[in-house]
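Peer 1: Could you look at this predicted model? Sequence included:
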Amino acid sequence: MAKVAREMVEKAGVDVDKLLDLLVKNASAELTTYYYYTTLRFNLIGLDGETVKEIAETARIEDRNHFEALVPRIYELGGKLPDDMVEFHNISACPPAKLPADPRDVTAILQVLVDAERCAVRGYSEICAMTAGKDPRTYELAASILNEEIEHESWFSEFLGEGPSGHFLRRGETSPFVSKFLR
């Protein structure tokens, strides 16, 4: 644990235990979403499904990267991940992004995907609000993840016909905002 890091965050007025709770719950959401997006992506078949598959794969890989980037910060602040995977799954900040009843319904899969991204946007917005001007490292990490989650939401909402977002699929690059935390 980086004791001075925790001390400075506490001195800045952040409730570090509450922050750690949010970080762990969001790390759980990222890892479980990575898992559930795997099954969702495999079921994106047919003409409609194939058009979404690459975007779902990018979001899936980036969610795994978000998990990998969050874990060091959790431990730096004196936190830890639960010892039990089922417990970890069950504390997720977001509901499971499970396959819909009809796994051939691409629109239903898109709705699951966009709902998961919207939950993530809310979670990282809360962490950013809590750490802005007080904990630069956690704020920068959460803001970087938030940028990618907003893009994910935009991609899926466009496929649902909710309107244009101006965001484009990243070609050959994943986690442009978060990659610096993965080194």
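Peer 2: Now that the structure is in, tell me what you want to look at. Residues are numbered from 1 along each chain as shown.

Peer 1: use CA for all of it now, contacts and neighbours both
Peer 2: OK.

Peer 1: Number of residues surrounding Leu70?
Peer 2: 23 (other C-alpha atoms under 10 Å).

Peer 1: Which strand or helix spans it?
Peer 2: Counting by DSSP states H and E, the element that carries Leu70 is helix 46-76.

Peer 1: what is the rounded mean pLDDT of that helix?
Peer 2: If you average the pLDDT over helix 46-76, you get 95.

Peer 1: So which elements touch the next helix or strand along the chain from it?
Peer 2: The helix or strand immediately downstream of helix 46-76 is helix 85-90, counting by DSSP H and E. Applying 3 or more C-alpha pairs under 8 Å, 6 or more residues apart in numbering; DSSP states H and E, one finds that helix 85-90 contacts helix 16-42.

Peer 1: where's the helix it packs on relative to the chain centroid, distance-wise?
Peer 2: Helix 16-42 has its C-alpha centroid displaced from the chain centroid by 6 Å (C-alpha atoms, centre = their mean, to the nearest Å).

Peer 1: pLDDT of that helix, averaged?
Peer 2: 97.

Peer 1: quick one: buried residues of that helix?
Peer 2: By neighbour count on 16 or more other C-alpha atoms under 10 Å, the buried set for helix 16-42 is 16, 19-38, 40-41.

Peer 1: And Leu169, which helix or strand is it part of?
Peer 2: Leu169 belongs to no helix or strand, assigned by DSSP H and E.

Peer 1: right, and it touches Ile55 too?
Peer 2: Yes: between Leu169 and Ile55 there is a contact under C-alpha atoms under 8 Å: 6.7 Å.

Peer 1: Common neighbours of the two, please.
Peer 2: Counting by C-alpha atoms under 8 Å, 6 or more residues apart in numbering, the common neighbours of Leu169 and Ile55 are Trp155.

Peer 1: who has more neighbours, the two?
Peer 2: A side-by-side neighbour count of Leu169 and Ile55, using other C-alpha under 10 Å, places Ile55 first with 17 against 14.

Peer 1: who's in contact with the more buried one?
Peer 2: Going by C-alpha under 8 Å, 6+ apart, the list of residues near Ile55 reads 155, 169.

Peer 1: neighbours of Ile150, just the number please.
Peer 2: Neighbourhood size, Ile150 [other C-alpha under 10 Å]: 17.
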